[in-house]
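*Asks:* Below is the sequence, then the predicted model.
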Amino acid sequence: MLSILFVILSGIALPIGGIQMQYLWRNQLGDVYSLGLGSAACLGAAIATMSGLCSLTVGAFICTLLCTLVSFIVTLKVSTQNLITFGIIFGTFIGSLCTIVVTNAPTGDLLKQYYLWGAANFKLEGVTGSDIAFALVLFAIGIAYAISSHKKLTRHFCGEIELSNLQKAISLLMIMFLVTSAVSICGPIGFISLGVPNISRIICKSTDIRRHYIISSSIAIGLLLVTYLLAEYSNLGVYLPISATMSIIALPLMILLFIKK
């Protein structure tokens, strides 16, 4: 039941975080991973796993928070286009640090534990009750903010208002809460934080972000559930990582929608 719970939680948290990023930066390339937040969560989880200094969730939270602070400082200095470029470079840098940490794992068992977590198969291996409780609190705070701030984000996206630096900082922090609540427990899950929000915006032309919360979450939960059941119960003789398998399943859908629209 916990695995299904986090399938649903991830299917809500990541696309909602992604669509908030797109509205915040007024750019369809906005993504929860585009500023290095996802890579930072992986780095924190890797450090926590290899060192044993803290739990997965706490390690991911601390690293993602530091990444968010760096990203916000950069937002004050560069344009949105340059910000996304910076995010890609910064994310690559953090990913490189993560690779160094992982390849220097003290034991093979810890290395295996990290890679199984990174496969995002909702096994919840090495996850404690406190990890789950902390993740649920982060998720609740992030979702509450997403719902309460929908008017401001929609008006900002439409160019009616410009969010202050403080409001942007708070938005980034709340998006970070959503990212951490999913990634720290289940590992990095690609596509649904970037591809699904864009599918939602192709399907529904409304600028009301609440509609995209509902549409993108519904699509993401459906994709994750199908992929989870396929990976868990199919007897293909190979290990199927959720993130990679879902991207393969979703690619024809993306192609079809973009051709039609």
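*Replies:* Yep, that arrived. Numbers count the residues shown, from 1 in each chain.

*Asks:* Quick one: mean pLDDT over the helix or strand harbouring residue 232.
*Replies:* Element membership of residue 232, judged by DSSP states H and E, is helix 209-233. If you average the pLDDT over helix 209-233, you get 91.

*Asks:* buried set for that helix?
*Replies:* By 16 or more other C-beta atoms under 10 Å, the buried positions in helix 209-233 come out as 209, 211-213, 215-217, 219-221, 223-224, 227-228, 231. Backbone N, C-alpha and C define where each C-beta goes, glycine included.

*Asks:* cool, and stretch 165-174?
*Replies:* Neighbour-count burial for stretch 165-174, counted by 16+ other C-beta under 10 Å, picks out 167-169, 171-174.

*Asks:* okay if I get the residues you listed as CSV plus pLDDT, secondary structure and distance to residue 182?
*Replies:* Shown next, in CSV, are those (pLDDT from 0 to 100; DSSP: H, G, I helix; E, B strand; the rest coil; distance: C-beta to C-beta, whole Å):
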residue, pLDDT, secondary structure, distance to residue 182
167, 87, helix, 24
168, 84, helix, 22
169, 82, helix, 21
171, 89, helix, 18
172, 85, helix, 16
173, 86, helix, 16
174, 91, helix, 14
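
*Asks:* Against residue 193, how distant is the closest residue to residue 26 other than its chain neighbours?
*Replies:* Nearest non-adjacent residue to residue 26, counting by C-beta to C-beta, 6 or more residues apart in numbering: residue 157, 5.8 Å away. In this view, residue 157 and residue 193 are 17 Å apart by C-beta to C-beta, to the nearest Å.

*Asks:* same question, residue 207
*Replies:* According to C-beta to C-beta, residue 207 stands 20 Å off from residue 193.

*Asks:* out of these two, which sits in the more crowded spot?
*Replies:* Using other C-beta atoms under 10 Å, the more surrounded residue of residue 207 and residue 193 is residue 193, with 33 against 13.

*Asks:* Run through the residues that contact residue 101.
*Replies:* Going by C-beta atoms under 8 Å, 6 or more residues apart in numbering, residue 101 touches 43, 46-47, 50.

*Asks:* for this protein, what spans make up the helices?
*Replies:* If DSSP state H is used as the criterion, the helices of the chain fall at 2-25, 37-51, 56-75, 80-103, 108-118, 129-148, 150-157, 165-186, 195-203, 209-233, 242-260.

*Asks:* my guess is residue 208 contacts residue 154, does it?
*Replies:* Yes. Residue 208 is within contact range of residue 154, at 5.8 Å (criterion: C-beta atoms under 8 Å).

*Asks:* Show me which of those two is the more surrounded one.
*Replies:* More crowded of residue 208 and residue 154, by other C-beta under 10 Å: residue 154, with 19 against 14.

*Asks:* can you pull the contacts of that one?
*Replies:* Each residue near residue 154 by C-beta under 8 Å, 6+ apart is listed here: 23, 207-210.

*Asks:* Any chance of TSV for these, columns distance to residue 94?
*Replies:* Formatted as TSV, the contacts of residue 154 follow (distance: C-beta to C-beta, whole Å):
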residue	distance to residue 94
23	24
207	32
208	34
209	28
210	32
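
*Asks:* my guess is residue 57 meets residue 129, correct?
*Replies:* No. In this structure, residue 57 is not within contact of residue 129 by C-beta under 8 Å, at 10.9 Å.

*Asks:* Number of residues surrounding the residue nearest to residue 26?
*Replies:* Per other C-beta under 10 Å, the neighbour tally for residue 157 reads 21.

*Asks:* and it, what does it touch?
*Replies:* Contacts for residue 157 (C-beta under 8 Å, 6+ apart) come out as 22-24, 26, 207, 209.

*Asks:* rerun at 10 Å
*Replies:* 19-20, 22-27, 163, 207-209 (C-beta atoms under 10 Å, 6 or more residues apart in numbering).
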